[in-house]
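> Sequence first, then the predicted structure, then my questions.
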Amino acid sequence: MPAHNTEIADALDQVADLLELEQGNPFRIRAYRNAARVVRGLGTEVASLLARGEDLPKVRGIGADLAGKIKELATRERLPLLDELRRHVPAIALELLRLPNLGPKRVKLLCEKLHIHSVEQLHRALLDGRVRTLPGFGAGIEKKLLEAIEERSHVPSRFKLAAVEGLAAPLIDHLRKAPGVGQVTVAGSYRRCQETVGDIDIVATAAKGPPVTTWFTQYPEVVRVAAAGDTRATVVLRSGLQVDLRIVPEESYGAALHYFTGSKAHNIAIRRLGQENGLKINEYGVFRGRRRIGGETEAEVYKAVDLPFIPPELRENRGEIEAAAAHRLPKLVELADLRGDLHVHSTATDGHNTIEEMVEAARALGLGYIAITEHSRHLAMAHGLDPARLRRQVAEIDRLNAHIGPFTVLRGIEVDILEDGKLDLPDSALAELDLVVAAVHSRFNLSREQQTERILRAMERPHFTILAHPTGRLIGEREPYDVDMPRLIDAARERGCFLELNAHPDRLDLTDTHCRMAKEAGVLVSIASDAHRDTELSYLRFGVGQARRGWLSPEDVLNARPLEELRPLLRRTIA
DNA sequence: GCCGTTTTCGGCCCGACTGTTTTCAGTCG
């Protein structure tokens, strides 16, 4: 059984953790972390590359040794180095490393001096006052660790974008009223539109920092102030979300925003470029010796290293720097590029608004068309449509289209893909429609081979247009079902059908790397809201964020096309 | 562990905050 990329990446990260605990060479540790990140973001499974007799792509930072280890993990699923390290380091050490304020040094002390073997034991040792007797520990750290252990059980470790949006907006409003504050911007993974966010980073400008950090820590939602200095502060909100604020002078705004937007890997690569050109780049600006040569805007930071501006969503050090240097950055899709939405529900099944209400909401967003795609009969709990009810809905849509003016409702369905790969409605019913969105809603636990075959068979059906939420995951709640995405993408290209990027903030699949694979294969992506009520059409913004992370341009997006260009593409799938 | 138009050895991004250190180590981002 060859290993998946995520498993390879986890193993490499674990090597890094273990080396850290052994206080190994920090640059060696970084090399392993970097390799883990590269493998995780790779479009293709390493194991299938090797099975096809191909080699790993050449990536800066992965030399002969790491490439060998990655291959070994992919094929043999074992790594002698990892086994060896595990023998030296107790398993609990890895777990303790995840706690705040515990790094390799303190973890080592805990294990060696207090013989801690579980988090519960640490908890007891903290309560007994044994921990504070160790060098480097004191009452302060004791308190923080106790808080962290007690908090751990009931706070989600990562937050979905939609949740963060709701928490960040009022905080930003609060900060804008701080004494002497200028700009206030959310940076970090939130600005990069990562699908989940561990904490939020805010960059603010002000001539004097302390009044702003004080104002910040007095925000009513703050339950704990983890740190507060003159220019930075960290708090935890009632929701459990951690917020870091950084205050810089106005002339450093761009450099600070760049620095705190990350990603870390992107920043390291940019700083390194600067260094090669004799520059020092930090959060205060770009410096040649002591002379500051830029940093008021992000564009100045990039200009200093001879690059054009790189959009935040691309900043993962996954080739964007090389692409920028070669002037081959994609022109990324924007929300305003979307002309319609190809996955929308109504009250006919499990939606909460009528088709007319959904049309009004779509119009208000500036869209020109939506497809009504109800569930099919197999999804009984959603009161899915049978052929007769579908026929009646089609007639209703035709009547509606006659008088809603410059807007079109497309006749669609979200048909279930049954376990054997058949679709839940007969071809005769599907033939009446403008498009058929097909989805897996059952039997998520099939083997990779079976699940892939099931979907491939469905794709062969004559009216199959779009594969909805292609991995079925619910972020933080349900793992994706096991499916060979490269094979699905290949099949979609051959078949001339499309993949959905479901914009619901709980789903957001395709993932960014899968979007990029689809783009490279020439398979168009439908960014669709899957709205079940009128307010959810605006979820398209999350889909666009994910699409941008996947390097998609307007021409890669099915519903960035006006209706007259869309229709022939949809018809092409009616084989 | 990686890498090279200064180098195949000796570098490797850079700074803030905390605590218990009384001048800085550990941790974090």
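Perfect, thanks for sending it.
> Now for the residue of chain A found nearest DNA strand B, how many residues are close by?
Proximity of chain A to DNA strand B (Cβ to the nearest atom of the strand) peaks at A:Gly138, 1.2 Å away. Where you see a C-beta, it was placed from the backbone N, CA and C, and this is true even at glycine. Per other Cβ atoms under 10 Å, the neighbour tally for A:Gly138 reads 12.
> What sits closest to it if chain neighbours are left out?
Counting by Cβ to Cβ, 6 or more residues apart in numbering, A:Gly138 lies nearest to A:Arg132, which is 5.7 Å off, once chain neighbours are set aside.
> what about the strands in the stretch 451-575 of chain A?
With strands called from DSSP state E, counting those that start in this stretch, the stretch 451-575 of chain A shows them at A:466-467, A:498-502, A:525-528.
> hey, which of the ones you listed is tucked in deepest?
Most buried of the strands of the stretch 451-575 of chain A, by mean neighbour count (mean count of other Cβ atoms under 10 Å): strand A:525-528, with a mean of 29.
> helices or strands next to that one in the packing?
Under the contact criterion of 3 or more Cβ pairs under 8 Å, 6 or more residues apart in numbering; DSSP states H and E, strand A:525-528 touches strand A:340-344, strand A:498-502, helix A:512-521, helix A:540-549.
> list the buried ones in the last one?
Looking back up the chat, that one is helix A:540-549. Within helix A:540-549, the residues that count as buried by 16 or more other Cβ atoms under 10 Å are A:540-549.
> Put together CSV for the helices and strands packed on strand A:525-528, with mean pLDDT and distance to DNA strand B on each row.
Output for these, formatted as CSV (pLDDT from 0 to 100; distance: least, Cβ to the nearest atom of the strand, whole Å):
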stretch, mean pLDDT, distance to DNA strand B
strand A:340-344, 98, 35
strand A:498-502, 97, 28
helix A:512-521, 94, 21
helix A:540-549, 97, 19
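> of these, which approaches A:Leu21 most closely?
Minimum separation from A:Leu21 across the helices and strands packed on strand A:525-528 (Cβ to Cβ) falls at helix A:512-521, 29.9 Å.
> okay, the angle between that closest one and strand A:498-502?
Relative orientation of helix A:512-521 and strand A:498-502, computed by axes from the mean of the first three to the mean of the last three Cα atoms, to 10 degrees: 150 degrees.
> got the buried residues for helix A:512-521?
A:512-519.
> Is the residue nearest to A:Gly138 in a helix, a strand, or coil?
Under DSSP: H, G, I helix; E, B strand; the rest coil, the three-state class of A:Arg132 is helix.
> That one: how many residues sit nearby?
A:Arg132, neighbours per other Cβ under 10 Å, totals 16.
> the strands in the stretch 201-350 of chain A, which residues?
With DSSP E, counting those that start in this stretch as the criterion, the stretch 201-350 of chain A has strands spanning A:222-228, A:232-237, A:242-248, A:280-282, A:285-288, A:291-294, A:340-344.
> Can you name the residues of the stretch 1-150 of chain A sitting close to DNA strand B?
A:25, A:27-28, A:30-32, A:60-67, A:81, A:99-107, A:132, A:135-141, A:144 (Cβ under 7 Å from any atom of the strand).
> From those residues, list the buried ones, please.
Applying 16+ other Cβ under 10 Å to those flags A:31-32, A:62, A:66-67, A:99, A:102, A:104, A:106-107, A:132, A:137, A:141, A:144 as buried.
> The residues you listed: which two are farthest apart?
When those are compared pair by pair using Cβ to Cβ, the maximum separation belongs to A:Ala67 and A:Arg132, at 46.0 Å.
> Which residue of chain A lies farthest from its centroid?
Relative to the C-alpha centroid of chain A, counting by Cα atoms, centre = their mean, A:Thr133 is the outermost residue, at 42.2 Å.
> Least confident secondary structure element in chain A?
Every helix and strand of chain A was ranked by mean pLDDT, DSSP states H and E. The lowest is helix A:139-152, at a mean of 83.
> Contacts for that one, please.
Residues from elsewhere that reach helix A:139-152 (Cβ atoms under 8 Å, 6 or more residues apart in numbering): A:99-102, A:106, A:119, A:122-123, A:126-127, A:129, A:131-132, A:224, A:226, A:240.
> what about the helix or strand following that helix and DNA strand B, any contact?
Counting by DSSP states H and E, the element after helix A:139-152 in chain order, helix or strand, is strand A:159-160. No: residues of strand A:159-160 are not located near DNA strand B by Cβ under 7 Å from any atom of the strand, the shortest gap being 13.8 Å.
> Beyond strand A:159-160, next helix or strand please.
That would be, after strand A:159-160 and using DSSP H and E, helix A:161-176.
> Now do that following helix, average pLDDT.
Across helix A:161-176, the average pLDDT comes to 93.
> With stretch A:63-78 instead?
91.
> What residues are bridge-paired with the closest residue to A:Arg461 other than its chain neighbours?
Distances taken as Cβ to Cβ, 6+ apart place A:Leu423 nearest to A:Arg461, at 5.3 Å, with adjacent residues excluded. A:Leu423 forms beta bridges with A:Ile417, as assigned by DSSP bridges.
> you'd agree A:Leu423 is up against A:Ala429?
No: applying Cβ atoms under 8 Å, one finds A:Leu423 not in contact with A:Ala429, separated by 9.4 Å.
> Okay, helices next: where are they in the stretch 1-150 of chain A?
Applying DSSP state H, counting those that start in this stretch to the stretch 1-150 of chain A gives helices spanning A:5-21, A:26-41, A:46-51, A:64-76, A:80-88, A:91-97, A:104-114, A:119-128, A:139-152.
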